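1. sequence and predicted structure are below.
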Amino acid sequence: MSPDHSKDSITPTPRERELMMLIARGMQNKNIAYELKISENTVRAHIGNIMRKYRLQNRTQIAIAFALHAAPLALRRDLAKSGRHPAAPKPAQAVTQTPGVQTAPD
């Protein structure tokens with residue numbers, strides 16, 4: 001029988017948690033490699049393994065998965081019960097542009 005590969009039933013290894021935390025902090029592969037004293041190729045391999053294992057598509061999803069895993073149990077339970085994410089804060093009012101200052105087009 002094959003192991004269950006659902007995201008909820010798989011616990012990250014200590015090394016995966018360490019790597020996920022550094023990704024969540026916004027570190028680049030080069031800096032992660034330096035921090036963990038491994039090569040950039042090894043960092044890339046770990047990231048690929050994490051993405052496959054948890055069926056994630058990018059670094060942002062890794063960071064979110066880490067944040068949710070690191071969240072207090074009560075918050076995770078509340079999110080699971082409600083089946084939705086906490087309400088996002090409303091965006092601040094748009095800042096008026098100062099005359100004479102050009103901004104990049106969207």
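-> Yep, it's here. Being a predicted model, the structure only gives us computed values, none of them experimental. Numbering: from 1, shown residues only.
2. which stretches in this protein count as strands?
-> Counting by DSSP state E, the chain has no strands to list.
3. can you find the helix or strand of it with the lowest average pLDDT?
-> helix 73-82 (a mean of 74; mean pLDDT, DSSP states H and E).
4. how about the closest residue to K30 other than its chain neighbours, what does it touch?
-> Excluding the flanking residues, the one nearest K30 by C-beta to C-beta, 6 or more residues apart in numbering is E40, at 5.9 Å. Where C-beta positions appear, they are placed from N, C-alpha and C, glycine not excepted. Going by C-beta atoms under 8 Å, 6 or more residues apart in numbering, E40 touches 29-30, 33.
5. of the residues you listed, buried ones?
-> Buried subset of those (neighbour count, 16 or more other C-beta atoms under 10 Å): 29, 33.
6. could the contacts of E40 go into JSON lines alongside pLDDT and distance to M20?
-> Converted to JSON lines, the contacts of E40 look like this (pLDDT from 0 to 100; distance: C-beta to C-beta, whole Å):
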{"residue": "N29", "pLDDT": "97", "distance to M20": "13"}
{"residue": "K30", "pLDDT": "98", "distance to M20": "17"}
{"residue": "A33", "pLDDT": "97", "distance to M20": "15"}
